[in-house]
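S.K.: just the structure for this:
(chains A, B, C, D, E and F)
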There are 4 protein chains.
Amino acid sequence: MAPRTLVELEANFNYMVEWETVAQHQALPSRTGQAPASARGTRTRRELVRAARRVFERDGFLAARITDISAEAGVAAGSFYTYFTSKEDAFAAVMEEVNEEMLHPRLVQVTDGGDPVSVIEAANRAYLASYRRNAKLMGLLEQVAQVNDEFRELRLRRARAFVDRNAQAIARLQQRGLADRELDPRLTAHAVSTMVSRMAYLTYVQGVVDASSEALVQTLTRLWANALGIRRS
Amino acid sequence: MAPRTLVELEANFNYMVEWETVAQHQALPSRTGQAPASARGTRTRRELVRAARRVFERDGFLAARITDISAEAGVAAGSFYTYFTSKEDAFAAVMEEVNEEMLHPRLVQVTDGGDPVSVIEAANRAYLASYRRNAKLMGLLEQVAQVNDEFRELRLRRARAFVDRNAQAIARLQQRGLADRELDPRLTAHAVSTMVSRMAYLTYVQGVVDASSEALVQTLTRLWANALGIRRS
Amino acid sequence: MAPRTLVELEANFNYMVEWETVAQHQALPSRTGQAPASARGTRTRRELVRAARRVFERDGFLAARITDISAEAGVAAGSFYTYFTSKEDAFAAVMEEVNEEMLHPRLVQVTDGGDPVSVIEAANRAYLASYRRNAKLMGLLEQVAQVNDEFRELRLRRARAFVDRNAQAIARLQQRGLADRELDPRLTAHAVSTMVSRMAYLTYVQGVVDASSEALVQTLTRLWANALGIRRS
Amino acid sequence: MAPRTLVELEANFNYMVEWETVAQHQALPSRTGQAPASARGTRTRRELVRAARRVFERDGFLAARITDISAEAGVAAGSFYTYFTSKEDAFAAVMEEVNEEMLHPRLVQVTDGGDPVSVIEAANRAYLASYRRNAKLMGLLEQVAQVNDEFRELRLRRARAFVDRNAQAIARLQQRGLADRELDPRLTAHAVSTMVSRMAYLTYVQGVVDASSEALVQTLTRLWANALGIRRS
DNA sequence: GATGAATGAGGATTCATTCAT
DNA sequence: CATGAATGAATCCTCATTCAT
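M.R.: Next comes the predicted model:
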């Protein structure tokens, strides 16, 4: 039986590595200096997180200076350390914010009985749309993971979790005779996830893939279905 | 007619983005301070390049200090600048060296009449093997491209060139009825290239994919063939 | 009618190139890093400017090291950059300070009806006195202008302004039959200005002219009056 | 009796401070490493001196690097030290060369009985012409004297010698009733010398005085004659 | 809580000068 | 004599982090 909802789908073919990275409640590598107690504190912290996001998006993680962030937030340099212990900490907070935003994705519920391919298509469409919406941050995450071991570890750990689940889903499809039995489920899960997420990166962050989002959805969906050898009903 | 040699094959399905990146004779972003005029100079420069490679591989590009490199090479700090203008310049020189090595890949000649799939397999095997051999440097390149605009630009420009060629190859297969005609050739070229190269990265650089190289070759080859809808003869 | 006050006189025969250079409100080539916002900051900045002056006067502009200045001020090396962007910037601040001092010159009011020559004499006396008082800085300015284009440009631009005014004054005297009509007003203005200011330099900075200030005043005044062909009443 | 030749004149009113500076055979602050013994050596040394002049004129004394000079001369870096001990040394050699050139100035012989003013005029004309011809080097000398104590001392010592002679000449004119007896001969000698040489500097080096050489000669001559109170016959 | 000045470790870079070949 | 590579002392400058007010 086909998956019924996108949420269910995600449990099966989830390649949304980066997105879910922050959606998960596994602790981010954050050791926030202090939780704001007063209303003023809450406001200042919010300003700082917003400022950090702007500065990160504008200058990149490495080039961003603590000073720039506090200046952008309109607070004194020292105030940064009232709320964060480091640049990494502030970055985690920024991702947390995105997290909040992305925890409520406008995912269309998929009706029962949809065929596997159209479900995959819907998932791809949703994933690409949210990736595009947060392209700058996704690019940042890529950069930070490349530079900071803690973030890299975090990403890898989670990717593994997704792959595990996806691998199981693929295995089930194979057992039901709906997918190519020659494929190694784990490797396959990894490969197709990576294909989609990397294309999203190349398209929306690097701007090297010149295609409409719709064309992207169509092509990736077909490639995916083909690759797994999914029988069309 | 199927491609006859790996060389020919590369002209068709070349996803060896990173590898060829350095193999090409398009200039690397290198502005070396000086070409050594004496034998002694040649020796010192070579020492420095080797030292740079060791230090980069050990500490990463960002953490590497010029001082470390000259110390590792056993020369005075200032001598670094006799041969390079910057850390980037030294990095380019290191990649150049890899370049030399990879310009003579031990590519097995594929006999005539091999079916397309076995040719793809051979190409994948060769690519993964060389990626593995130079895994540390490939990871470095990934990191540097994330941090340095010049190297990023360079990579993107070249990737585009490969995709162009691959897209044409796919289009030809489609015309001959050997591949799924529903696929957009350019997007497809991009997607399958990225799938393979990214899996190589995740496996040999990040170590997250836990599989034998052979299993990897088998799975990627099958996924690729499936994805393109290649008819088996 | 003869000029009545020294202020009026200056508008006529002003050769005080270097002095007025800093007295003018045309911006010095200064891009100070930061205006101190606290009392402590004001104090530190003042200490730095004083230290800079001492070090410049002691070692000259070129030999002065940022380190020396911060050490002399009793602050950390990095603190220099809280207030200045460069050595040039600090130098501009030092000159600014002199500026303040010289904006309130103790110029004796000249009584009405004084004859032109005695007015010139008073002006010369005042100029030489203030030059002497700030001899070390005037020497520094000479040195810096020789080495730094921005300061050179500034000086030249201002010198031009003075010459313009002086030339007009000379032209008026010629029209009234009070000065030699054969002289080119602009060149003459330049020449006599330069004669006095250069003598001040040679005397108080280089110490090559061995004469009392009074003798200098007398001789320069007489040379000047003679040169212009001023008729004595 | 009026002076008969320009040479004689120079002995009287010589303000050609900078020029004669190098024309004199008082040793320049030069400790040349080695006098070339072979023909090849002579050639190399000449190349180096020429190159040094070009580089000094192009970049200024401070910015000029030994490396630039040897490169410009087309010799190895080390060769510089075969002939010079330092940058200062090379500079002295360059001035020496100019010296050679200026030892044969095309000075027109002044016939007997010329009146003093026309003699002064001729001297001014000759001085300004040679200053103009070597403007770049004169500017350099100004710069170097500002920066290097040895060159400064040298200049001052010589200037003093000239002033001495000129002061005697002026005193003689005063005794004969041909010049204003109120003037201090030494100070006057200094002042008029400086006026002319400084105007030459401002005109030909700094380019701030906008006048034809002829206008300059006329004005300076008249100012000078006026200043000394020379009676016209 | 906010402020903003002070700190100082840390690395890059330059170039005159030496010297083995 | 010429070569040109090696040396390394000498400063500059940045910026995360602390802390007194």
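S.K.: and the host helix or strand of A:L216, what's buried?
M.R.: Using DSSP states H and E, the element containing A:L216 is helix A:213-228. Within helix A:213-228, the residues scored as buried using 16 or more other CB atoms under 10 Å in any protein chain shown are A:213, A:216-228. C-betas here are computed from N, CA, C, even on glycine.
S.K.: so what are the domain limits for chain A?
M.R.: Listed by automatic domain parsing, the domain ranges of chain A are A:39-102, A:110-228.
S.K.: can you tell me which of those the model trusts least?
M.R.: Lowest mean pLDDT of the domains of chain A: domain A:110-228, a mean of 88.
S.K.: flag every residue of chain A that's near DNA strand F.
M.R.: Contact residues (CB under 7 Å from any atom of the strand) of chain A with DNA strand F: A:R65, A:I66, A:T67, A:A77, A:G78, A:F80, A:Y81, A:S86, A:K87.
S.K.: same thing but 10 Å
M.R.: Within chain A, the positions adjacent to DNA strand F are A:33, A:62-70, A:76-82, A:84-90 by CB under 10 Å from any atom of the strand.
S.K.: give me every residue in chain A lying close to chain B.
M.R.: A:62, A:142-143, A:146-147, A:156, A:159-160, A:180, A:182-184, A:186-188, A:190-192, A:194-195, A:198-199, A:202, A:206, A:208-211, A:215-216, A:218-220, A:222-224, A:226-229 (CB under 8 Å from any CB of the partner chain).
S.K.: filter the residues you listed down to the buried ones.
M.R.: Buried members of those, scored by 16+ other CB under 10 Å, are A:62, A:142-143, A:146-147, A:156, A:159, A:180, A:183-184, A:186-188, A:190-192, A:194-195, A:198-199, A:202, A:206, A:209, A:211, A:216, A:218-220, A:222-224, A:226-229.
S.K.: next helix or strand past the longest helix seen in chain A?
M.R.: Scanning chain A for the longest helix, with DSSP state H as the assignment, gives helix A:149-175. Note on helix A:149-175: by DSSP H and E, the next helix or strand toward the C-terminus is helix A:185-200.
S.K.: burial measure for the residue of chain A found nearest chain D, as a count.
M.R.: Across chain A, the shortest distance to chain D (CB to the nearest CB) belongs to A:A63, at 31.1 Å. When neighbours are counted by other CB atoms under 10 Å in any protein chain shown, A:A63 registers 11.
S.K.: ok, now how distant is it from A:L154?
M.R.: 22 Å (CB to CB, to the nearest Å).
S.K.: what of A:E182?
M.R.: A:E182 is 34 Å from A:L154, by CB to CB.
S.K.: and if you look at A:V147?
M.R.: 13 Å.
S.K.: OK, now which residue of chain A is nearest to DNA strand E?
M.R.: A:G78 (1.6 Å; CB to the nearest atom of the strand).
S.K.: so what's that residue closest to, chain neighbours aside?
M.R.: A:S70 (8.0 Å; CB to CB, 6 or more residues apart in numbering or on different chains).
S.K.: the one you found reaches A:V55, doesn't it?
M.R.: No: assessed by CB atoms under 8 Å, A:S70 is found out of contact with A:V55, at 9.7 Å.
S.K.: please say which of those two ends up with more neighbours.
M.R.: Just comparing A:S70 and A:V55: by other CB under 10 Å the higher neighbour count belongs to A:V55, 25 against 21.
S.K.: the more buried one: what secondary structure?
M.R.: helix (DSSP: H, G, I helix; E, B strand; the rest coil).
S.K.: who touches stretch A:202-214?
M.R.: A:125, A:128-129, A:131-132, A:135-136, A:138-139, A:142, A:199, A:216, A:219, B:156, B:159-160, B:184, B:186-187, B:190, B:194 (CB atoms under 8 Å, 6 or more residues apart in numbering or on different chains).
S.K.: can you tell me which of those residues are up against DNA strand E?
M.R.: Applying CB under 10 Å from any atom of the strand to the contacts of stretch A:202-214, none is adjacent to DNA strand E.
S.K.: restrict the residues you listed to those near chain C?
M.R.: Okay, of the contacts of stretch A:202-214, nothing touches chain C (CB under 8 Å from any CB).
S.K.: correct me, but A:A179 touches A:A169?
M.R.: No: using CB under 8 Å, A:A179 is not in contact with A:A169, being 9.6 Å away.
S.K.: between those two, which is the more surrounded one?
M.R.: Applying other CB under 10 Å to A:A179 and A:A169 shows that A:A179 carries more neighbours, namely 24 against 19.
S.K.: count the neighbours of the closest residue in space to the more buried one that isn't next to it in sequence for me.
M.R.: Distances taken as CB to CB, 6+ apart put A:L173 closest to A:A179, at 3.9 Å, once the chain neighbours are dropped. By the measure other CB under 10 Å, the count of residues near A:L173 is 22.
S.K.: show me which residues of chain A sit near DNA strand E.
M.R.: So chain A meets DNA strand E at A:34-45, A:47-48, A:66-67, A:70-71, A:73-83 (CB under 10 Å from any atom of the strand).
S.K.: the residue nearest to A:L178 when sequence neighbours are not counted: what secondary structure?
M.R.: In space, and not counting its chain neighbours, A:L178 is closest to A:R231: 5.7 Å by CB to CB, 6+ apart. Here A:R231 takes the coil state, with states given by three-state DSSP.
S.K.: mind listing what A:R231 touches?
M.R.: A:G177, A:L178, A:A179.
S.K.: can you report phi and psi for the first one?
M.R.: Think A:G177. phi 80, psi 20 (degrees, to the nearest 10).
S.K.: what sits against it?
M.R.: A:R231.
S.K.: over to the second one?
M.R.: With CB under 8 Å, 6+ apart as the criterion, the residues that contact A:L178 are A:P116, A:I230, A:R231.
S.K.: if I read this right, the second one contacts A:L173, doesn't it?
M.R.: This points to A:I230. Yes: under the criterion of CB under 8 Å, A:I230 makes contact with A:L173 at 7.3 Å.
S.K.: anything in contact with each of the two?
M.R.: A:P116, A:A179.
S.K.: how about A:R186, nearest residue that isn't a chain neighbour?
M.R.: A:R186 sits nearest to A:A167 (CB to CB, 6+ apart), 4.4 Å away.
S.K.: ok, now how distant is the one you found from A:W224?
M.R.: For A:A167 relative to A:W224 (CB to CB), the value is 15 Å.
S.K.: same question, A:F61
M.R.: 32 Å.
S.K.: what's the answer for A:P185, then?
M.R.: A:P185 is 15 Å from A:W224, by CB to CB.
S.K.: A:A122 too?
M.R.: In terms of CB to CB, A:A122 sits 13 Å off from A:W224.
S.K.: please apply the same query to A:Y131.
M.R.: A:Y131 is 16 Å from A:W224, by CB to CB.
S.K.: what about the longest helix of chain A, distance to the chain center?
M.R.: Remark: helix A:149-175 is offset 13 Å from the chain centroid, using CA atoms, centre = their mean, to the nearest Å.
S.K.: so it versus helix A:185-200, what angle?
M.R.: 120 degrees (axes from the mean of the first three to the mean of the last three CA atoms, to 10 degrees).
S.K.: and helix A:149-175, which residues are buried?
M.R.: Those would be A:151, A:154-156, A:158-159, A:162-163, A:166-167, A:169-171, A:173-174, for helix A:149-175 by 16+ other CB under 10 Å.
S.K.: mind putting the domains of chain A into CSV with distance to C:E96?
M.R.: Putting the domains of chain A into CSV (distance: least, CB to CB, whole Å) gives the following:
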stretch, distance to C:E96
domain A:39-102, 26
domain A:110-228, 43
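S.K.: out of those, nearest to D:E96?
M.R.: Nearest of these to D:E96, taken as CB to CB: domain A:39-102 at 52.7 Å.
S.K.: just the element for A:V49, please.
M.R.: helix A:39-63.
S.K.: what's the angle from that helix to helix B:39-63?
M.R.: Relative orientation of helix A:39-63 and helix B:39-63, computed by the same axes, to 10 degrees: 160 degrees.
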